[in-house]
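Chemist: A predicted structure for the sequence below; I have some questions about it.
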Amino acid sequence: MIQLLNALQLSMLLFLLAIGLSVVFGLMNFINLAHGTLYMIGAYVGFAVAKATGTYWAAFLVAPLAAAILGLVLYQLLFKRMQHQSPMRQVLLTFGLIYVGLDAVRLIWGNYSQSVPVPDLLKGQVTILGEPYPLYRLFIIGLGLAVLVLLHIGLERTKLGAMVRAGVDDAETARSIGIDTDRVFILVFALGCGLAGLAGIVAAPVLSVYPGMDMAILILTLIVVVVGGPGSLKGAALGALLIGMVDTFGRVFLPELALVMIYAVMALVLLVRPQGLLPIK
Amino acid sequence: MSPLLDARDLQVYYGPSHVLQGVSLAVAPGTVTALLGRNGAGKTTTLRALMGLTPPRAGTITFDGAAIAGTRTSSLARLGLTLVPEHRGMFPSLSVAESLAIARPSRAGEWSLDRVLDLFPRLAERLQSRSGHLSGGEQQMLAIGRALLTQPRLLMLDEPTQGLAPLIVAELLGHLQRLKGAGLTILLVEQNLGFASTLADRAVLLGKGQVRWAGAIAELAGQAELAHTWLGV
């Protein structure tokens, strides 16, 4: 039971990260390997704000904003020009940005690990089926579910969401009826970056904050995107759930094979459904 | 009367191939112009160039007196140009109601949702259906209805009769004649010569990326050799 909750909690973090990466890839054909960097920046900005203000909740608000703004700046400066270039160039550029981000973080915050305390409100344990479980981890699960529901409503029930879907279905036709697909996609991009920042500050009290924390999660996130099917909200959710479960239970039951199992799952999915479990088209 | 749309000497390339080699055409307000020609003549490319989807490398496009070459597609739509593409450009993940709701009006205009649904009552019955589940005729009506909600001043249609049963083609002709009667300016790409000559006032004949003939569509009937060479009829 505890492991199931741990798996769910990891799944929700992966979902928050994967959704931005996946939608940007599906929508804009852009591979942003620096997505994990935005997660790390979110965690560090959150750490700095929490330390300066003494309250976690200020960090909780500022970190996603900072990541979204940084994402927008990167988009305007670099990504806009790369959008129609070959995937190889995108990968090289954003891979380079990972190292820039890493050194920037080392320069500002040093090379050692920092921690963000769990907010007072969420300290303590709850008893679930006779076993104690940290309240904060339940909060992560709840937050992930809430984001999933909100994104689903936003995408399926609002006019802006309909414009996003129209842009994915057929961008040229969407433009021909007056929709500025570029602006719609920039909004989506900023939202995705913000969610990466949110994942960063939410993960900080659990996983600690250190240079390189982005690489640790980037690989898992990429696997989630590939397994779920790029561009799809449900795919990202399902992929995150699957990979979160496999990773957590793998570590518990077959620790020496845990990493292999994740890649095995990915290989299996790619063999059976090369387009991912729930592709957008 | 000065033309609503005036394109001069359009040069369009797809990579190394020179697809439009100096195409010029003018569309007078309130008229229907048919763009005719064989497959690969450059008809679709002409519409795409006018809509900003495949920007011409050289040439000028004037719309209502303003130079518009190089303007982004979404901005062109807000000026009152719109295109119903080949294969109708459905948004499969949107319902009929959503497809109609997202069209951005270029101005306060005469086309309301109610008026579009009056014109196409079959859409009114299927508002909640996914647009990918509609029949070919219904999809074409949705595509035209969606385009009307942008309050177009120039409606461009790429092969609207393609893949439709004769009965539906006749129905579509009636709809488009009503739109023409209401004063809408239309630029039509069409393979169905009977359909085009019933609806259009003028014809522009394209062949191998160049304009081969332009004039009143009624006169085309007397040009047997021209029609044989460039239309294959």
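Modeler: On my side now, so go ahead.

Chemist: what residues does chain B put near chain A?
Modeler: Near chain A, the residues belonging to chain B are B:51-53, B:72-75, B:77-78, B:82-83, B:85, B:89-94, B:98-99, B:101-106, B:146-147, B:149-150 when assessed by Cβ under 8 Å from any Cβ of the partner chain. C-beta: built from backbone N, CA, C; applies to glycine.

Chemist: type out the PyMOL command that picks the buried ones from the residues you listed.
Modeler: Selecting just the buried residues from the residues of chain B next to chain A in PyMOL takes one command, with 16 or more other Cβ atoms under 10 Å in any protein chain shown as the test:
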select buried, chain B and resi 51+52+53+73+74+77+78+82+83+85+89+90+91+93+94+98+99+102+103+104+105+106+146+147+149+150
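
Chemist: in helices only, show me the residues of chain B next to chain A.
Modeler: For the residues of chain B next to chain A, the ones inside helices are B:73-75, B:77-78, B:98-99, B:101, B:146-147, with DSSP state H as the criterion.

Chemist: looking at the residues you listed, which two lie furthest apart in space?
Modeler: Using Cβ to Cβ, those span at most 22.9 Å, a distance reached by B:75 and B:98.

Chemist: for residue B:219, state which of the ones in helices among the residues of chain B next to chain A is nearest.
Modeler: Residue B:219 lies nearest to residue B:147 out of these, by Cβ to Cβ, at 29.4 Å.

Chemist: distance of that closest one from residue B:104?
Modeler: Here the distance between residue B:147 and residue B:104 works out to 11 Å (Cβ to Cβ, to the nearest Å).

Chemist: now do the shared contacts for these two.
Modeler: Between them, residue B:147 and residue B:104 have residue A:177 as joint contacts when contacts are counted by Cβ atoms under 8 Å, 6 or more residues apart in numbering or on different chains.

Chemist: hey, where'd the helices end up in the chain?
Modeler: Defaulting to chain A. So, for chain A - with DSSP H - the helices run A:2-28, A:35-53, A:56-74, A:80-82, A:87-109, A:135-157, A:159-169, A:171-176, A:181-207, A:213-228, A:233-253, A:258-272.

Chemist: my bad, the chain I had in mind was chain B
Modeler: B:43-50, B:73-79, B:96-101, B:113-119, B:121-125, B:136-148, B:166-181, B:193-199, B:224-231.

Chemist: output those as a markdown table; include the columns mean pLDDT and distance to residue A:17.
Modeler: Formatted as a markdown table, the entries for the helices of chain B read as follows, by pLDDT from 0 to 100; distance: least, Cβ to Cβ, whole Å:
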| stretch | mean pLDDT | distance to residue A:17 |
| --- | --- | --- |
| helix B:43-50 | 96 | 38 |
| helix B:73-79 | 94 | 31 |
| helix B:96-101 | 94 | 29 |
| helix B:113-119 | 92 | 40 |
| helix B:121-125 | 92 | 41 |
| helix B:136-148 | 94 | 36 |
| helix B:166-181 | 94 | 48 |
| helix B:193-199 | 92 | 53 |
| helix B:224-231 | 81 | 57 |
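
Chemist: looking at those, which is closest to residue A:185?
Modeler: When the helices of chain B are ranked by proximity to residue A:185, the top entry is helix B:73-79, at 11.9 Å, counting by Cβ to Cβ.

Chemist: residues touching the closest residue to residue A:248 other than its chain neighbours, list them.
Modeler: Taking Cβ to Cβ, 6 or more residues apart in numbering or on different chains, and ignoring the residues beside it in sequence, residue A:248 has residue A:7 as its nearest neighbour in space, at 3.6 Å. Each residue near residue A:7 by Cβ under 8 Å, 6+ apart is listed here: A:244-245, A:247-249.

Chemist: swap in 10 Å and give it another go.
Modeler: Residues counted as contacts of residue A:7 (Cβ atoms under 10 Å, 6 or more residues apart in numbering or on different chains) are A:141, A:241-252.

Chemist: so can I have JSON lines of those showing pLDDT?
Modeler: Putting those into JSON lines (pLDDT from 0 to 100) gives the following:
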{"residue": "A:141", "pLDDT": "94"}
{"residue": "A:241", "pLDDT": "94"}
{"residue": "A:242", "pLDDT": "93"}
{"residue": "A:243", "pLDDT": "93"}
{"residue": "A:244", "pLDDT": "92"}
{"residue": "A:245", "pLDDT": "93"}
{"residue": "A:246", "pLDDT": "92"}
{"residue": "A:247", "pLDDT": "90"}
{"residue": "A:248", "pLDDT": "91"}
{"residue": "A:249", "pLDDT": "91"}
{"residue": "A:250", "pLDDT": "90"}
{"residue": "A:251", "pLDDT": "88"}
{"residue": "A:252", "pLDDT": "89"}
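
Chemist: most widely separated two among these?
Modeler: Between all members of those, the longest pairwise span (Cβ to Cβ) is found for A:141 and A:250 and amounts to 19.5 Å.

Chemist: more crowded one of the two?
Modeler: Neighbours were counted for residue A:141 and for residue A:250 using other Cβ atoms under 10 Å in any protein chain shown; residue A:250 has more, 21 against 18.

Chemist: what's the spacing between the closest residue to that one other than its chain neighbours and residue A:265?
Modeler: Computed as Cβ to Cβ, 6+ apart, the closest residue to residue A:250 that is not its neighbour in sequence is residue A:258, at 3.7 Å. When distance is defined by Cβ to Cβ, residue A:258 is 11 Å away from residue A:265.

Chemist: common neighbours of those two, please.
Modeler: Overlap between the neighbourhoods of residue A:258 and residue A:265 consists of A:246-247, A:250, taking contacts as Cβ under 10 Å, 6+ apart.

Chemist: specify which member of those residues is nearest to chain B.
Modeler: Of all those, the one with the least separation from chain B (Cβ to the nearest Cβ) is residue A:246, at 29.3 Å.

Chemist: residue contacts, residue 110?
Modeler: Just so you know, I chose chain A. Contact criterion Cβ under 10 Å, 6+ apart gives A:210-211 as the residues in contact with residue A:110.

Chemist: not what I meant, chain B
Modeler: Counting by Cβ under 10 Å, 6+ apart, residue B:110 touches B:148, B:151, B:182-184.

Chemist: next: residue A:132.
Modeler: Under the criterion of Cβ under 10 Å, 6+ apart, the contact partners of residue A:132 comprise A:2, A:124-126.

Chemist: got it, and residue B:51?
Modeler: Counting by Cβ under 10 Å, 6+ apart, residue B:51 touches A:172, A:175-176, B:71, B:73, B:76-77, B:81-83, B:85, B:154, B:156, B:158.

Chemist: repeat that for residue B:37.
Modeler: For residue B:37, the contacting residues are B:43, B:46, B:189, B:191, B:203-212, B:230-232, taking Cβ under 10 Å, 6+ apart as the criterion.

Chemist: residue 48: neighbour count?
Modeler: No chain was given, so I picked chain A. By the other Cβ under 10 Å criterion, the neighbourhood of residue A:48 contains 19 residues.

Chemist: nope, chain B please
Modeler: Residue B:48 has 25 neighbouring residues, counting by other Cβ under 10 Å.

Chemist: surely it and residue B:76 touch.
Modeler: No: under the criterion of Cβ atoms under 10 Å, residue B:48 lies out of contact with residue B:76, with a separation of 11.6 Å.

Chemist: list the residues that contact both of those two?
Modeler: Common contact partners of residue B:48 and residue B:76 (Cβ under 10 Å, 6+ apart): A:176, B:83.

Chemist: so what's the residue count around residue A:208?
Modeler: 14.

Chemist: one more: residue B:230?
Modeler: Residue crowding around residue B:230 was assessed by other Cβ under 10 Å; the count is 20.
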